[in-house]
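Chemist: My questions are about this predicted structure, shown below with the sequence.
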Amino acid sequence: LDIARYTAKIMRQDMAAFDRDAAHYTQSLGCWHGFIGQQKLIAIKKHFGSTQGRYLYLSGWMIAALRSDFGPLPDQSMHEKTSVPALIEELYTFLRQADARELGMIFRDLDAARAAGDEVRQRKVQQSIDNYQTHVVPIIADIDAGFGNAEATYLLAKKMIEAGACALQIENQVSDEKQCGHQDGKVTVPHEDFIAKIRAIRYAFLELGVEDGIIVARTDSLGAGLTKQIAVSHKPGDIGDLYNSYLDCDEVDAATSQNGDVILVRDGKLMRPKRLPSNLFQFRPGTGADRCVLDCIHALQHGADLLWIETEKPHIEQIAGMVDRVREVIPNAKLVYNNSPSFNWTLNFRQQVYDAWKEAGKDVAAYDRAKLMSVDYDTTELGIEADERIRTFQRDASQRAGIFHHLITLPTYHTAALSTDNLAKEYFGEQGMLGYVANVQRKEIREGIACVKHQNMSGSDLGDDHKEYFSREAALKAGGAHNTMNQFAAV
């Protein structure tokens, strides 16, 4: 809970900074193991000297695919919900261990400076201790659709907050029909059902004393054409009536009604919502953006802090068009956006450049739009411009579309697969051991990757320090002359 309170304040400060200047957007990468999250933060501190504006994202997709006792599962809320708070706790265990390891090395420097009588060095090292920046950063954690009703959502939210999460992301899909945001067959719930779960999460934050806790309300309505139930409406124009207004209906009368029909009144007429054999009801095509805007406004009006609009492609103007409409009602509305690996970024942006050039009257005869993914276009003017748009996407989208936080949901899933494929190809092929040495260890040494000293990373040196503190000269330490990690002493 101390971590949740501490990181919630960080996020609130970052949100306020973004409100003042959209250049202050934040970022994260999804991590499926504590070690992955730890190495990410170690790398950030090494390369940038600060963790400011960098978070962790916990993806329900990766928990389902990688952390379930059932084995790999699709992203349909079938994994154990207890695995979500367990991963949050694991991530913070590894981040705290990164602090302990790094501080342990700094304290060793302090001991050496004292032993040498170097007061200047002592003061410098002491300053690095006094101004130490922790690896502990905010986690935005995926609670899916709540794994049940509002009470189930509340109970799970408590466990996630107790594990350290300061920000919970919940989506407006039906819990037992939940689908990955980039797959078909998504089913949404009426607004009142979703608002009940937002209230449940807020209650959990307040009960546990995390008053700054952040709720990210995700709408999947853009790609969801189905609903499981017709909303309750008490009068024309209320939230239930607005939700139902998007249903795809046929006009009926008593003579044409059928057995088991569900009938509603729209503009004084009897209407039959189109019901599928699955007992789901269908929305009118082309209403997704309107439903997204309505979702966003009502979520923010009932306790959510940030929005997440799941889209089918990374197109700034598409996102901005919806955000502009939300901001007409709530001027400081801000988004979390999924820079998803489900998008073919190369193809999408090459198509955007091609279409923009063609609309502007520029000659595109040298390019075949059906084959824009080809490597032949990598070094062309079109390919270069598309890559530049990808490079600046986060900056541009934050300025134009109010995106406060950019995340990639599944990056470390893909990097683990890619690096393992490269190693397997080399090691089991003609390169043999050189495949590991040249492509892994030599790069670790030359690029200063902390894990090259894997014993140190796992806590061996910290354990030696403890042994010395506890047992003095009787300590049997691992880091003696015969420790092969000494071969990396100069790294």
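Modeler: The structure has been received and is ready for your questions.
Chemist: Might you report the residue contacts of residue 291?
Modeler: 188, 219, 221, 222, 243, 246, 283 (Cβ atoms under 8 Å, 6 or more residues apart in numbering). Quick note: C-beta positions are derived from backbone N, CA and C, even for glycine.
Chemist: A helix includes it, no?
Modeler: Yes. Applying DSSP: H, G, I helix; E, B strand; the rest coil, one finds residue 291 inside a helix.
Chemist: Going along the chain from the strand or helix carrying residue 399, find the next helix or strand for me.
Modeler: In the assignment (DSSP states H and E), residue 399 maps to helix 393-401. The helix or strand immediately downstream of helix 393-401 is strand 403-408, counting by DSSP H and E.
Chemist: That next one packs against which elements?
Modeler: Contact here means 3 or more Cβ pairs under 8 Å, 6 or more residues apart in numbering; DSSP states H and E; on that basis strand 403-408 packs against helix 2-20, strand 26-30, strand 54-58, strand 335-338, helix 393-401.
Chemist: Against residue 139, how distant is residue 84?
Modeler: Distance of residue 84 to residue 139, given as Cβ to Cβ, to the nearest Å: 11 Å.
Chemist: before we move on, the earlier item: what sits up against the helix holding residue 399?
Modeler: The contact list for helix 393-401, computed with Cβ under 8 Å, 6+ apart, reads 18, 22-23, 25, 27, 314, 316-317, 319-320, 323, 335, 337, 339, 389, 403-404, 406.
Chemist: One more pass at 10 Å, please.
Modeler: Outside helix 393-401, the residues within contact range by Cβ atoms under 10 Å, 6 or more residues apart in numbering are 18, 21-27, 309, 314-324, 334-335, 337, 339, 345, 349, 389, 392, 403-406.
Chemist: pLDDT score assigned to residue 277?
Modeler: Per-residue pLDDT puts residue 277 at 87.
Chemist: Would you agree it falls within a helix?
Modeler: No. Counting by three-state DSSP, residue 277 is not found in a helix; it is coil.
Chemist: and it, what are its phi and psi?
Modeler: Backbone dihedrals for residue 277, given as degrees, to the nearest 10, come out at phi -60, psi -20.
Chemist: just checking, residue 435 touches residue 426?
Modeler: Yes. Counting by Cβ atoms under 10 Å, residue 426 is a contact partner of residue 435 at 2.6 Å.
Chemist: which of the contacts of residue 291 lies closest to residue 97?
Modeler: In terms of Cβ to Cβ, no member of those lies closer to residue 97 than residue 219, at 37.0 Å.
Chemist: residue ranges for the strands of this structure, please.
Modeler: Remark: strands assigned in the chain by DSSP state E are 26-30, 54-58, 139-142, 167-171, 187-188, 214-219, 226-227, 249-251, 264-266, 269-273, 281-282, 306-309, 335-338, 403-408.
Chemist: what's the least confident stretch among those strands?
Modeler: Ranked by mean pLDDT, the strands of the chain bottom out at strand 264-266, with a mean of 86.
Chemist: coming back round to it: can you convert the helices and strands packed on strand 403-408 into a markdown table and add a column each for distance to residue 476?
Modeler: As requested, the helices and strands packed on strand 403-408 are exported to a markdown table (distance: least, Cβ to Cβ, whole Å):
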| stretch | distance to residue 476 |
| --- | --- |
| helix 2-20 | 34 |
| strand 26-30 | 40 |
| strand 54-58 | 37 |
| strand 335-338 | 50 |
| helix 393-401 | 51 |
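Chemist: closest one to residue 359 among those?
Modeler: Shortest distance between residue 359 and the helices and strands packed on strand 403-408, using Cβ to Cβ, is found for helix 393-401: 18.5 Å.
Chemist: Now do the closest one against strand 26-30: the angle between them, please.
Modeler: Going by axes from the mean of the first three to the mean of the last three Cα atoms, to 10 degrees, helix 393-401 is angled at 130 degrees with respect to strand 26-30.
Chemist: Of the contacts of helix 393-401, keep whichever come out buried.
Modeler: When neighbours are counted using 16 or more other Cβ atoms under 10 Å, the contacts of helix 393-401 contain these buried positions: 18, 22, 24-26, 309, 314-316, 318-320, 322-323, 334-335, 337, 339, 345, 349, 389, 403-406.
Chemist: Specify which member of the contacts of residue 291 is nearest to residue 330.
Modeler: Residue 330 lies nearest to residue 219 out of the contacts of residue 291, by Cβ to Cβ, at 14.2 Å.
Chemist: Quick one: end-to-end distance for stretch 75-90.
Modeler: This stretch, stretch 75-90, spans 21 Å end to end (Cα to Cα, to the nearest Å).
Chemist: Okay, now the unreliable bits of this structure?
Modeler: Confidence mapping of the chain against pLDDT under 70 gives the ranges 178-185, 478-491.
Chemist: about what we covered before: can you give me how far the helix holding residue 399 is from the chain middle?
Modeler: Distance, stretch centre to chain centre, for helix 393-401: 17 Å (Cα atoms, centre = their mean, to the nearest Å).
Chemist: Could you state which residue of this protein sits nearest its centroid?
Modeler: residue 57 (3.9 Å; Cα atoms, centre = their mean).
Chemist: That residue contacts residue 308, correct?
Modeler: No. Using Cβ under 10 Å, residue 57 is not in contact with residue 308, being 11.2 Å away.
Chemist: number of nearby residues for residue 203?
Modeler: By the criterion of other Cβ atoms under 10 Å, residue 203 has 16 neighbours.
Chemist: list the contacts for residue 187?
Modeler: Residue 187 is in contact with 145, 172-179, 220, 224-229, 278, 280-281, counting by Cβ under 10 Å, 6+ apart.
Chemist: switch to 8 Å and redo it
Modeler: 173, 174, 177, 179, 224, 226, 227, 228, 280.
Chemist: Skipping adjacent residues, who's closest to the last one in space?
Modeler: Among residues not flanking residue 280 along the chain, residue 226 sits closest, at 4.5 Å (Cβ to Cβ, 6 or more residues apart in numbering).
Chemist: List the buried residues in the longest helix seen in the chain.
Modeler: Selection of the longest helix in the chain by residue count, based on DSSP state H, yields helix 83-116. Neighbour counts using 16+ other Cβ under 10 Å place 83-92, 94-99, 101-102, 104, 110, 113 of helix 83-116 among the buried residues.
Chemist: same deal with stretch 138-155?
Modeler: For stretch 138-155, a neighbour-count test (16+ other Cβ under 10 Å) marks 138-148, 150, 153-154 as buried.
Chemist: can you tell me which two in these are farthest apart?
Modeler: Largest pairwise distance in those, by Cβ to Cβ, is 25.8 Å, between 138 and 148.
Chemist: can you give me the helices in the stretch 351-491 of the chain?
Modeler: Ranges of helices in the stretch 351-491 of the chain, per DSSP state H, counting those that start in this stretch, are 381-391, 393-401, 411-427, 433-436, 442-447, 454-457, 460-471.
Chemist: Point out the most buried one among those.
Modeler: Of these, the one with the most neighbours on average (mean count of other Cβ atoms under 10 Å) is helix 393-401, at a mean of 18.
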